[in-house]
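Enquirer: no sequence on this one, just coordinates:
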C-alpha cells in the first residue's frame, strides 16, 4: 500500500476550510464498518437472502484493517492535509461502490450513502476535492446502474426493477449528492466567514478599549511623576538662592524652574481629569458625541450637518463614553462621506422612551444587488484585495466588507436596532438609522443611574 503523508501535502490543492483530524475520519469509518457488517449479517442470517457473503465481509474487513493501520501509523490527533483527507474519503467511495456492486448495485436501498463522503468533503475540504469526490460518486453510481450482482433475494425468486425506476434511483442519487454537497458547503462557508468576522470585531473593539484606557494611564503617570518634579523644583530654587551665579547659569536655573512648574501644571490637569472621570470625562451628551465623531471628517469636500431635536422638550440623552459606539458611528460616517457627492446629514432625535440617530448621504445609495446581504461579513461593493492582486496594481480605497458588519454588531451589542435603506425616488442616497431604547444608553435615566453599566464588550 502506498504511504499517505498526513503531515505534508506535496500536491496542494488549496487551503482546507475546516481541517479534519485523523480521529474524525477513523471514527466515521468504524461506524461504517459496524453498520455494513450488521446489514450483511441481517440480510444473510436473519432474512436468509442469498448474497456473496465472504466477498462482502472481505470488503468490509479491508476498511477495518485500513483503520487499524492508520491508527497505529499516525497519531489520532493529527490534522490531515487536504490531499490526505481527500484520498481517505476517495477510498470510502470506492469501498462503498465495491460493496454495492456485490449486493445489487444502484437497486440496493443503501446506494444513497454515496453522498456521505462528498458531504464531508464539502464541509471541510477545497472545492477541487469536493468536485473530484462528487465526480467519482456519480461515475460509480452510473456504472452500478448497469453492472452489478443481483439484488439479494429469496432462493428461487428473482426481482427485476423496471429500467425507468432504476433511472429514477440514479437521478435521486445524483441530485441528492449534489444538493447535500452544495448545502453543506454553503453552511460551512457562512460559519467560517462569521467566525472570521467576529474575530476581527473582537480585535477592533480591543484596540478601541486600549485607546480609551490611555486616559487612565496618563492619570497614573501624573500621580507618579508629581513627587520627583516637586523635588527638582525645590533643589533648583535652593541652588539659585544659595549659589552666587552670573550670566547664563542663572538663566538656565530660571528656565529649569519654569519648565518644572509647567510640568506640574500639566500633571495637575491630568490628575483633576482622573478625579472627575466618572462625572465629566466618563459621560458625554449625544450632540457632543456626534460632534466628536464628525470633527475629524470636516476637512473633505463633503459638508456634514448635525441636527439635534427633542420631542416635548425632553432633556438631551447623556451617553457613557463607549469605544464600541464611537468606533461604529465613526465607521458609518466615513462610509457615508466616501460615497456622498456633496452632503451628509446626521439627524438625532429623542423623546422620553427612545432616541435615534439617522445618517443620510446624497450618494448613489446601497447597491440593490447586495441589498439583502448588507450587514453580513465580507459583503462590499468596493474593489477587493483579490481583484487588485490579480490586476497587479494598487487601488485607491479597498475594503474587505467587514466595516459595516463590525459597526452593526457593536451597535446591536449596545442595545440598538440598525436599519439600512435608500432614499425614496427621485432622491438618491443611503440611509442608516440607529435606534436605542433610551433607558439602555442614557446615563441620565433612573435605571442607568442605578445600574451604572459598563461599555459594551463582545464575549
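Expert: Right, received. Where do you want to start? Treat the numbers as computed from the prediction; the structure is a model and nothing was measured. Numbering: from 1, shown residues only.

Enquirer: and residue 360, what helix or strand is that in?
Expert: Using DSSP states H and E, residue 360 falls within strand 354-361.

Enquirer: now do residue 149
Expert: Counting by DSSP H and E, residue 149 is part of no helix or strand.

Enquirer: what does the one 4 residues further on give?
Expert: Per DSSP H and E: residue 153 is located in neither a helix nor a strand.

Enquirer: In contact with the nearest residue to it once chain neighbours are set aside, which residues?
Expert: Of all residues beyond its chain neighbours, the one nearest residue 153 is residue 159 (4.9 Å), with distances taken as Cβ to Cβ, 6 or more residues apart in numbering. For the C-beta atoms, the positions are set from N, CA and C on the backbone; glycine is no exception. Residue 159 makes contact with 150-151, 153, according to Cβ atoms under 8 Å, 6 or more residues apart in numbering.

Enquirer: what about residue 287, how many residues close to it?
Expert: 15 (other Cβ atoms under 10 Å).

Enquirer: so who does residue 421 touch?
Expert: Neighbours of residue 421 in contact, by Cβ under 8 Å, 6+ apart: 366, 430-431, 433.

Enquirer: For residue 434, give me its contacts.
Expert: 329, 356-359, 411, 416-419.

Enquirer: Can you tell me which of those are classed as buried?
Expert: 329, 356-359, 411, 416, 418 (16 or more other Cβ atoms under 10 Å).

Enquirer: What is the nearest of those residues to residue 338?
Expert: Proximity of the buried ones among the contacts of residue 434 to residue 338 (Cβ to Cβ) peaks at residue 359, which lies at 12.5 Å.

Enquirer: still on that earlier bit, could you dump the contacts of residue 159 into JSON lines with distance to residue 77 added?
Expert: Listed next are the contacts of residue 159 as JSON lines, based on distance: Cβ to Cβ, whole Å:
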{"residue": "150", "distance to residue 77": "44"}
{"residue": "151", "distance to residue 77": "42"}
{"residue": "153", "distance to residue 77": "45"}
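
Enquirer: now those residues: which count as buried?
Expert: Listed as buried from the contacts of residue 159 are residue 151; burial here means 16+ other Cβ under 10 Å.

Enquirer: Can you tell me which of the contacts of residue 159 is closest to residue 290?
Expert: The closest of the contacts of residue 159 to residue 290 turns out to be residue 151 (Cβ to Cβ; 74.4 Å).

Enquirer: Let me see the backbone angles for the closest one.
Expert: According to degrees, to the nearest 10, the main-chain angles of residue 151 amount to phi -70, psi 130.

Enquirer: And the one 10 residues further on, by the same measure?
Expert: Main-chain torsions, residue 161, degrees, to the nearest 10: phi -80, psi 140.

Enquirer: What pLDDT is listed against the spatially closest residue to it that is not a sequence neighbour?
Expert: The shortest distance from residue 161 to any non-neighbouring residue, by Cβ to Cβ, 6+ apart, is to residue 107 (5.4 Å). Confidence at residue 107, expressed as pLDDT, is 85.

Enquirer: What's the per-residue pLDDT of residue 405 here?
Expert: For residue 405, the pLDDT comes out at 77.

Enquirer: how about the helices in this protein?
Expert: In order along the chain, the chain carries the following helices (DSSP state H): 22-41, 53-73, 82-102, 115-124, 127-144, 163-242, 248-275, 286-294, 323-339, 385-391, 403-413, 438-441, 446-451.

Enquirer: can you redo the ones you listed as CSV with distance to residue 424?
Expert: Converted to CSV, these look like this (distance: least, Cβ to Cβ, whole Å):
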stretch, distance to residue 424
helix 22-41, 53
helix 53-73, 63
helix 82-102, 50
helix 115-124, 43
helix 127-144, 42
helix 163-242, 31
helix 248-275, 47
helix 286-294, 25
helix 323-339, 18
helix 385-391, 33
helix 403-413, 22
helix 438-441, 28
helix 446-451, 36
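
Enquirer: for the stretch 51-200 of the chain, what are the low-confidence residue spans?
Expert: Low-confidence regions of the stretch 51-200 of the chain, defined by pLDDT under 70, span residues 156, 197.

Enquirer: distance of residue 32 from residue 330?
Expert: Residue 32 sits 54 Å away from residue 330, going by Cβ to Cβ, to the nearest Å.

Enquirer: More neighbours: the two, which one.
Expert: Comparing residue 32 with residue 330 by neighbour count (other Cβ under 10 Å), the higher total belongs to residue 32, at 21 against 17.

Enquirer: That one: what's it in contact with?
Expert: With Cβ under 8 Å, 6+ apart, residue 32 has these contacts: 63, 92, 96.

Enquirer: one more time with 7 Å, if that's ok
Expert: By Cβ atoms under 7 Å, 6 or more residues apart in numbering, the contact set of residue 32 is residue 63.

Enquirer: now do residue 353
Expert: 437-438.

Enquirer: Pop out the phi and psi values for it.
Expert: phi -110, psi -20.

Enquirer: Now residue 105. Nearest residue, chain neighbours left out?
Expert: residue 148 (2.6 Å).

Enquirer: how much space between that neighbour and residue 117?
Expert: Residue 148 sits 20 Å away from residue 117, going by Cβ to Cβ.

Enquirer: got it, and residue 412?
Expert: Relative to residue 117, residue 412 is positioned 39 Å away (Cβ to Cβ).

Enquirer: For the two, indicate the residue with more neighbours.
Expert: Set side by side, residue 412 and residue 117 show more neighbours around residue 117, with 29 against 15, by other Cβ under 10 Å.

Enquirer: correct me, but that one touches residue 133?
Expert: Yes. Between residue 117 and residue 133 there is a contact at 5.7 Å, judged by Cβ atoms under 7 Å.

Enquirer: residues near the spatially closest residue to residue 374 that is not a sequence neighbour, how many?
Expert: Distances taken as Cβ to Cβ, 6+ apart put residue 420 closest to residue 374, at 5.0 Å, once the chain neighbours are dropped. Residue 420: 15 surrounding residues under other Cβ under 10 Å.

Enquirer: same question, residue 414
Expert: Counted with other Cβ under 10 Å, residue 414 comes out at 20.

Enquirer: Tell me who's in contact with it.
Expert: 322, 324-325, 441, 456.

Enquirer: buried subset of these?
Expert: Buried residues within the contacts of residue 414, counting neighbours by 16+ other Cβ under 10 Å: 322, 324-325, 441, 456.

Enquirer: Nearest to residue 336 among the contacts of residue 414?
Expert: Out of the contacts of residue 414, the member with the shortest distance to residue 336 (by Cβ to Cβ) is residue 325, at 16.5 Å.
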